[in-house]
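> I would like to see how this sequence folds:
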Amino acid sequence: MYKTSLALLTLGLALAACGGGGYGYNTMNPPGYGTNCTPPANTVLVYPSNGATAVPDSTGAVYVALPNALGTPNNFDVALTGPPAYGTVLEGGFTPVSYASIPTPNTAPGYANPQYYESTLRASLTAATVFSVYWNNLGTACNSSTNASLIGKFTTQ
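Here you go, the predicted structure:
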């Protein structure tokens, strides 16, 4: 009985270590897993565009493009940081969207067949403020307060 239990435990651990699903961007084995919080290669801040100015304060979401689809489920989102009065706001998880649904002007990635994702804002933007946008994964030690990676900045009106 002991040998059988030990064998089943070993098999279970081996299978669990394999992770699973879609391009490796799932919650169990994402790029940036643990303390290395690098976004997937070729992640593009589509809207607001990196470096954009006069972004409307009424903007309700941030959009990114990736060269491949995220696995399902995923714990990815963006974290916005602003002045101390604004603090850090973690946004809603990524939802797939079509390019046609992204506000303009925006930045189109320089590669074929990008996958677009929206992260809905949970707070209103502050006027005349520079915001930093970070790649964030709530399912690991990667988070905006420790070591999330900057993917762009924009300034509101």
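
> got the contact list for stretch 50-62?
Contact with stretch 50-62 is made by 45, 47-48, 78, 80, 91, 103, 105, 107, 118-121, 124-127, 133, 151-157, as judged by CB atoms under 8 Å, 6 or more residues apart in numbering. The C-beta positions use only the backbone N, C-alpha and C, and glycine is treated the same way.

> now the element after the lowest-mean-pLDDT helix or strand in the chain, going C-ward?
Every helix and strand in the chain was compared by mean pLDDT, DSSP states H and E; the lowest is helix 2-17, with a mean of 40. Downstream of helix 2-17, the first helix or strand assigned by DSSP states H and E is strand 44-47.

> what's around the nearest residue to Pro67 once chain neighbours are set aside, how many residues?
Closest residue in space to Pro67, ignoring its immediate chain neighbours: Asn42 at 4.9 Å, by CB to CB, 6 or more residues apart in numbering. Neighbour count for Asn42, taken as other CB atoms under 10 Å: 13.

> looks like Asn42 contacts Asn113 (just checking).
No. Using CB atoms under 8 Å, Asn42 makes no contact with Asn113, being 11.7 Å away.

> need the residues touching each of those two.
Joint contacts of Asn42 and Asn113 (CB under 8 Å, 6+ apart) are Pro67.

> the contacts of stretch 50-62 in strands, which ones?
Among those, the members falling in strands (DSSP state E) are 45, 47, 78, 80, 118-120, 133, 151-156.
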